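Colleague: Model the following, please.
(one chain, ligands or ions: 1)
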Amino acid sequence: MMDGSQKSGNEEQRHLHIVTPLLESWTLSLVAGTTVFLKLENIQPTGSFKIRGIGHFCQEVAKKGCKHLVCSSGGNAGVAAAYAARKLGIPATIVLPKGANPTLLRRLEREEAEVQMVGKIWDDANMKAQELVKMNGWVNVHPFDHPLIWKGHGSIIHELKDSLGTPPGAIILSVGGGGLLAGVVSGMKEVGWQDVPIIAMETRGADCFNQAIQAKRLVTLPDITSLAKCLGAKTVASRALECIHECQIISEVVSDEEAIQAIERFLDDERMLVEPACGAALAGIYSGCLGQLQAEGHLSPNLGSIVVIVCGGNSIDQAELKSLRAQLGRS
Ligand code: PLV
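Modeller: Below you'll find the model as predicted:
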């Protein structure tokens, strides 16, 4: 697998992310009734797309002499920040909500990051991170709300353009705090794909983007009740809400049951295990959202091809999948 590279001035700087494969999925294409391509962000060296934006952010702040990186995270942004910090030779503190998955914690340990566990959800951990960055030379790595993060995430679209040439009929992705969405929108504007509809998927109980669209202003959820903890920001980034005026964004909400069924089916169909946060995007196909949007005339009946961004996630293993099933009342 090749590392990506970018030219900046005279020097060539390596990206911390890899150029991921775009896989045509036979099984998902059958379900969707059209060709489905999977952008495999789950195989990034940090297990999710987050390294694209966070890697870019960390490289930029390292150039400016940052002494310590702090990242509050539902998990995956933290792994990306810890990995970037290790590669750049900067110490890192990752602040997670309590109850983090043991596989994720082992992963962070391997990255040599200090881990603090604070509060119940990401918003609590974020408050702690804000306190820590008051120290001299410490820099906050926001998991989703920064232009450098969006710039890095936008590289997904440049790679899609290189692989596909022509634009797909739609792109399906998950929305937590909206960083991936904001990055995809900026990438689409850069390559002239702003007419490609984006289907933005959330789970009920972590649906701050959908609620903001309905209210036409930012909405702060009272709590995160979804099992898709990595979609659990109580308020979406304001940039994500602005994006609805720049591209055609269709916001859809699925249940935890649908997101978890999607990861189970994906495991059987493609032999890859991803988090419920990613299951939300896969549920766009498996639970029939796509077909319904076509039937209702919101999407063309002839999409040609669609791309699902398989955002990935580290907080999943056999034990976690079993526990998710139990929390849904299934054995
Ligand atoms: N996860 C963030 C925010 O958590 C984090 O700290 O890791 N898919 C996966 C696997 C994710 O980990 C996330 C975000 C998303 C999708 C959503 O991305 P976003 O926040 O850019 O919309 C609370």
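Colleague: residue ranges for the helices of the chain, please.
Modeller: Using DSSP state H, the helices assigned to the chain run over residues 26-32, 50-63, 76-88, 102-110, 122-132, 147-153, 155-164, 179-191, 208-215, 238-242, 256-270, 276-286, 289-295, 318-327.
Colleague: Let me have those helices in JSON lines, extended by mean pLDDT, mean neighbour count and distance to the ligand.
Modeller: (Glycine included, C-beta is placed from N, CA and C.) Shown next, in JSON lines, are the helices of the chain (pLDDT from 0 to 100; neighbours: other C-beta atoms under 10 Å; distance: least, C-beta to the nearest ligand atom, whole Å):
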{"stretch": "helix 26-32", "mean pLDDT": "97", "mean neighbour count": "17", "distance to the ligand": "18"}
{"stretch": "helix 50-63", "mean pLDDT": "98", "mean neighbour count": "25", "distance to the ligand": "6"}
{"stretch": "helix 76-88", "mean pLDDT": "98", "mean neighbour count": "27", "distance to the ligand": "3"}
{"stretch": "helix 102-110", "mean pLDDT": "94", "mean neighbour count": "17", "distance to the ligand": "10"}
{"stretch": "helix 122-132", "mean pLDDT": "96", "mean neighbour count": "19", "distance to the ligand": "4"}
{"stretch": "helix 147-153", "mean pLDDT": "98", "mean neighbour count": "24", "distance to the ligand": "7"}
{"stretch": "helix 155-164", "mean pLDDT": "98", "mean neighbour count": "19", "distance to the ligand": "12"}
{"stretch": "helix 179-191", "mean pLDDT": "98", "mean neighbour count": "24", "distance to the ligand": "3"}
{"stretch": "helix 208-215", "mean pLDDT": "98", "mean neighbour count": "20", "distance to the ligand": "8"}
{"stretch": "helix 238-242", "mean pLDDT": "98", "mean neighbour count": "20", "distance to the ligand": "7"}
{"stretch": "helix 256-270", "mean pLDDT": "98", "mean neighbour count": "20", "distance to the ligand": "11"}
{"stretch": "helix 276-286", "mean pLDDT": "98", "mean neighbour count": "30", "distance to the ligand": "4"}
{"stretch": "helix 289-295", "mean pLDDT": "97", "mean neighbour count": "18", "distance to the ligand": "17"}
{"stretch": "helix 318-327", "mean pLDDT": "96", "mean neighbour count": "14", "distance to the ligand": "13"}
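Colleague: L227 is nearest to which of those?
Modeller: Nearest to L227 among the helices of the chain is helix 256-270; the distance by C-beta to C-beta comes to 4.5 Å.
Colleague: Next, format the helices of the chain as JSON lines and append distance to I198.
Modeller: Output for the helices of the chain, formatted as JSON lines (distance: least, C-beta to C-beta, whole Å):
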{"stretch": "helix 26-32", "distance to I198": "16"}
{"stretch": "helix 50-63", "distance to I198": "17"}
{"stretch": "helix 76-88", "distance to I198": "20"}
{"stretch": "helix 102-110", "distance to I198": "28"}
{"stretch": "helix 122-132", "distance to I198": "23"}
{"stretch": "helix 147-153", "distance to I198": "13"}
{"stretch": "helix 155-164", "distance to I198": "11"}
{"stretch": "helix 179-191", "distance to I198": "6"}
{"stretch": "helix 208-215", "distance to I198": "11"}
{"stretch": "helix 238-242", "distance to I198": "11"}
{"stretch": "helix 256-270", "distance to I198": "18"}
{"stretch": "helix 276-286", "distance to I198": "11"}
{"stretch": "helix 289-295", "distance to I198": "12"}
{"stretch": "helix 318-327", "distance to I198": "27"}
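Colleague: which one of those lies closest to V308?
Modeller: Across the helices of the chain, V308 has its closest neighbour in helix 276-286 (5.7 Å, C-beta to C-beta).
Colleague: Run a quick neighbour tally on R330.
Modeller: By the measure other C-beta atoms under 10 Å, the count of residues near R330 is 11.
Colleague: E246 too?
Modeller: Close neighbours of E246, defined as other C-beta under 10 Å, add up to 13.
Colleague: and if you look at S331?
Modeller: For S331, the neighbour count with other C-beta under 10 Å is 5.
Colleague: Alright, I will stop here.
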